[in-house]
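Participant: sequence first, predicted model second:
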Amino acid sequence: MSGPTGGRSAVWLVARREITERIREKSFLASTGITVLIVVLVAVVPSLLGLGGTTTFTVAVADPAAAPVARAAVRAAPTFDAKVRIERVAPARADAALRDGDVDAVLTRRGIRAEDDPDDKLVDTLQAANRQVQTAAALQRAGLSPAQQRAALSPPALRVSTLEATDPDRDAKSGFAFVAVLVLFGQILTYGIWVATGVVEEKSSRVVEVLLATVKPGQLLAGKVIGLGVLGFCQILLVAGIGILAASAAGALEVDGDVLAAAALALAWFVLGYAFYASAYACAGALVPRQEELQSATTPLNTLILISYFVAFAVLQNPDGTLAKVTSFIPITAPVTMPPRIALGAASPLEIVAALVVTTAGAALLVPLAARIYRGAVLRTGSAVKLRDAWRAAGA
């Protein structure tokens, strides 16, 4: 204990101070709202626009002779990942319905009529339906019975098999993994910079000298890192919860045990990634005397996180590749590259446990080293402190 405040109490007091100060800032509330909005839009907008799912078309039938083709199109549409709705219109109203946008195409005995180039998926559906109707008519003229016609028009489909097991929800999980990468990258970078900024503010204003009269440097660093970490965890928990609910409500993601487990592990990786980087950012802040010099001090750390971010996108494309497996066991990159592998089902339980152990060990080794540098530099003002000098000063 240093002064009147005990170890754990000191850490908690500093942590509570960090939480209450940050949570009152408008920038924190604004960033939370913007992040939630972005995640909700990513989850909901594709479904609202019909992207990545079944496309619905409205086809007007202006000629009774075209009705069989229209009915066949309704049956054939699912083959083309589409849905066709049929409306009856008078021939005189057909062009007006197209111009008003009430229908996507008008079907007559002579063909397909549209306002401009019709969607290829719609054209393919109607063409396939027309071939089916014309073939059925030819078979009927050839004297085949209705049962024989149906057998000829609906042969058994080719069976599709793959060497590797496939996941029907892979696209949805890829979207979830993509959002997880974005959120983790943003949170680790943002809260790391907040730690460094807070250290510089206290150092330049000499508030740190008052604080260190009551608490030890290690306690001050621990409280700052823990306080902002708790705040970041709560924020990412809120964003993840709202995002999953929005995606589920929009039908973009089927929330099951695998998705919830992947989300929980993503939160765990935020904790590890933050623990690894936050102390390093605190050191960067302690080495400089003013905010103006902070950017140059944090550039190496920002670059490492940015590299991890770009590597994560390569992992999304090939979660079973060599790059994905190697970066999953490097503490610098693992917090951003491992969650998408987990979400896509590419990481085995053994790999997950091993990566967690390696990253935890990396953070455990870095924290005391960072605490020593922080202790040796936080009270030195006037000019930037070299890393070597801060290390020696702490041991003096």
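Facilitator: Good, I have the coordinates.
Participant: strands of the stretch 1-150 of the chain, start to end?
Facilitator: 55-61, 82-88, 105-108, 111-113 (DSSP state E, counting those that start in this stretch).
Participant: just give me how far the third one sits from the chain centre.
Facilitator: Read it as strand 105-108. 42 Å (CA atoms, centre = their mean, to the nearest Å).
Participant: quick one: mean pLDDT for it?
Facilitator: Summarised as a single mean, pLDDT over strand 105-108 is 86.
Participant: can I get it as CSV, trimmed to CA atoms?
Facilitator: What follows is strand 105-108 as a C-alpha-only set of coordinates in CSV (Å, rounded to 0.1, in the frame of the first residue of the first chain):
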residue,chain,number,x,y,z
ALA,A,105,-42.9,-7.6,-67.1
VAL,A,106,-45.9,-8.3,-69.2
LEU,A,107,-46.3,-11.7,-70.7
THR,A,108,-48.2,-12.2,-74.0
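Participant: note down every partner strand of it and its orientation.
Facilitator: According to DSSP bridges, strand 105-108 forms sheet pairs with strand 55-61 (parallel), strand 111-113 (antiparallel).
Participant: which secondary structure elements does the helix or strand where A282 lies contact?
Facilitator: Per DSSP states H and E, A282 falls inside helix 257-287. Here helix 257-287 touches helix 170-204, helix 217-249, helix 294-317, helix 334-343, helix 349-377, helix 387-395, going by 3 or more CB pairs under 8 Å, 6 or more residues apart in numbering; DSSP states H and E. No exception for glycine: its C-beta is placed from N, CA and C like everyone else's.
Participant: of the ones you listed, which is nearest V84?
Facilitator: Using CB to CB as the measure, helix 170-204 is the one of the helices and strands packed on helix 257-287 that comes nearest V84, at 23.3 Å.
Participant: mean confidence score for whichever helix or strand comes after the closest one?
Facilitator: On the C-terminal side of helix 170-204, the nearest following helix or strand under DSSP H and E is helix 207-211. Mean pLDDT, helix 207-211: 78.
Participant: quick check: which helices or strands does helix 207-211 pack against?
Facilitator: Using 3+ CB pairs under 8 Å, 6+ apart as the test, helix 207-211 ends up in contact with helix 170-204.
Participant: tell me which residues of the helix it packs on are tucked away?
Facilitator: Neighbour-count burial for helix 170-204, counted by 16 or more other CB atoms under 10 Å, picks out 172-189, 191-196, 198-200, 202-204.
Participant: thinking again about what came up before, pick the most buried one from the strands of the stretch 1-150 of the chain.
Facilitator: Of the strands of the stretch 1-150 of the chain, the one with the most neighbours on average (mean count of other CB atoms under 10 Å) is strand 105-108, at a mean of 22.
Participant: what's the neighbour count on L126?
Facilitator: Each residue near L126 was counted by other CB atoms under 10 Å, and the total is 26.
Participant: quick one: residues contacting it.
Facilitator: Neighbouring residues of L126 by CB atoms under 8 Å, 6 or more residues apart in numbering: V59, V69, A73, A105, L107, I112.
Participant: now, the most widely separated pair of those residues?
Facilitator: The farthest-apart pair in the contacts of L126, when distances are taken by CB to CB, is V69 and A105, at 11.5 Å.
Participant: neighbours of L306, how many?
Facilitator: 12.
Participant: returning to that earlier point: now the contacts of L126 in CSV, with distance to T299?
Facilitator: Shown next, in CSV, are the contacts of L126 (distance: CB to CB, whole Å):
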residue, distance to T299
V59, 59
V69, 65
A73, 60
A105, 57
L107, 63
I112, 59
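Participant: out of these, who's nearest Y309?
Facilitator: Proximity of the contacts of L126 to Y309 (CB to CB) peaks at A105, which lies at 44.3 Å.
Participant: that closest one contacts V61, doesn't it?
Facilitator: No. A105 is beyond contact range of V61, at 10.2 Å (criterion: CB atoms under 8 Å).
Participant: per-residue pLDDT, L231?
Facilitator: pLDDT recorded at L231 is 91.
Participant: okay, now it: neighbour count?
Facilitator: 21.
Participant: equivalent analysis for the one 3 residues further on, please.
Facilitator: C234: 13 surrounding residues under other CB under 10 Å.
Participant: just to revisit the earlier point, can you tell me which of the strands paired with strand 105-108 is nearest to A370?
Facilitator: Using CB to CB, these put strand 55-61 closest to A370, at 53.6 Å.
Participant: and that closest one, how far from the chain's centre?
Facilitator: That offset, for strand 55-61, works out to 34 Å (CA atoms, centre = their mean).
Participant: sorry, back to before: do you know which of the strands of the stretch 1-150 of the chain lies nearest R8?
Facilitator: strand 55-61 (59.6 Å).
Participant: which residues touch the closest one?
Facilitator: 50, 67, 70, 73, 77, 81-89, 94, 97-98, 102-107, 119, 121-122, 125-126.
Participant: if we use 6 Å, what do you get?
Facilitator: Residues from elsewhere that reach strand 55-61, judged by CB atoms under 6 Å, 6 or more residues apart in numbering: 67, 70, 82-89, 97, 103-107, 121-122.
Participant: next one: stretch 386-396
Facilitator: R372, I373, R375, G376, A377.
Participant: how about 8 Å then?
Facilitator: Residues from elsewhere that reach stretch 386-396 (CB under 8 Å, 6+ apart): C283, A286, L287, R372, I373, Y374, R375, G376, A377, R380, V385.
Participant: which residues touch the closest residue to F176 other than its chain neighbours?
Facilitator: In space, and not counting its chain neighbours, F176 is closest to A343: 5.4 Å by CB to CB, 6 or more residues apart in numbering. A343 is in contact with K173, S174, F176, A177, A180, V259, A262, A266, counting by CB under 8 Å, 6+ apart.
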